[in-house]
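Colleague: got a predicted structure here, sequence first:
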Amino acid sequence: MKFKIGFSAEAEEDGYVTGQGGGAIPLDDLGQLGANSAVYDRGKAYYMENKVAYLSLDAGQGRAIVLGSRPYEVEFHYDEEAEEVSGLLCPCLCSYPCKHQVAALLQLQDILEHIWESNDYYFGGYFAAVSRDVFFSFALDARKDASITLG
């Protein structure tokens, strides 16, 4: 089995559900998320600047950590069969689709595309990935108590 280490761009209980009534949106049409163009552009910039530090998907339950003024934990449900996202949550104070959610969904699109196109991966409903910056900050940290476990 081969592993690709890291990725890069080429929630708290008081989080908010966004979208229309928390309904499902197609992952290939993020325009249905309802983010205005300024929010979408800022989310895309976060994605391109590798601010999505962590992304995982386990049996449809997704989680991402997006680095902003502080780390924001974005949660969502992904229906692999329908290729739709629902139940999108972010603990930021926006009551509308936010840049953290846009960045997380763009990263999800990117990673799933690589998984589906590559023979190096078996998806099986689970993956977890960290950004290269986060991985190398741990790997190169001089602290003796720092460790990395790959499983």
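Modeller: Noted; the coordinates are in hand. These numbers come from a predicted model, not from an experiment.

Colleague: from here on, contacts and neighbour counts on C-alpha atoms
Modeller: Will do.

Colleague: what's the average pLDDT for the longest strand seen in the chain?
Modeller: Longest strand in the chain by number of residues, with DSSP state E as the criterion: strand 71-79. Mean pLDDT, strand 71-79: 95.

Colleague: list the buried residues in stretch 41-58.
Modeller: Residues of stretch 41-58 classed as buried: 42-48, 50-57 (neighbour count, 16 or more other Cα atoms under 10 Å).

Colleague: stretch 85-104 too?
Modeller: Across stretch 85-104, burial judged by 16+ other Cα under 10 Å covers 85-92, 96-104.

Colleague: what lines up beside the longest strand of the chain in the sheet?
Modeller: Counting by DSSP bridges, the strands paired with strand 71-79 are strand 61-67 (antiparallel), strand 84-90 (antiparallel).

Colleague: how about those strands in JSON lines, adding mean pLDDT and distance to D133?
Modeller: JSON lines is the format used below for the strands paired with strand 71-79 (pLDDT from 0 to 100; distance: least, Cα to Cα, whole Å):
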{"stretch": "strand 61-67", "mean pLDDT": "96", "distance to D133": "12"}
{"stretch": "strand 84-90", "mean pLDDT": "94", "distance to D133": "23"}
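
Colleague: so which of these gets nearest S137?
Modeller: Evaluated over those, closeness to S137 peaks at strand 61-67, with 14.4 Å, by Cα to Cα.

Colleague: contact partners of that closest one?
Modeller: With Cα atoms under 8 Å, 6 or more residues apart in numbering as the test, strand 61-67 has contacts from 51-57, 71-78, 100, 103-104.

Colleague: what of stretch 37-53?
Modeller: With Cα under 8 Å, 6+ apart as the test, stretch 37-53 has contacts from 8-10, 64-68, 97-104, 106-107, 130-131, 133-134.

Colleague: mind redoing it with 10 Å?
Modeller: 6-10, 30-31, 33-35, 64-68, 71-74, 96-108, 129-135 (Cα atoms under 10 Å, 6 or more residues apart in numbering).

Colleague: if I pick the residue nearest the centre of the chain, what's in contact with it?
Modeller: Against the mean C-alpha coordinate of the chain, by Cα atoms, centre = their mean, the closest residue is A104 at 3.2 Å. Neighbouring residues of A104 by Cα under 10 Å, 6+ apart: 43-44, 46-47, 51-55, 62-66, 73-76, 110.
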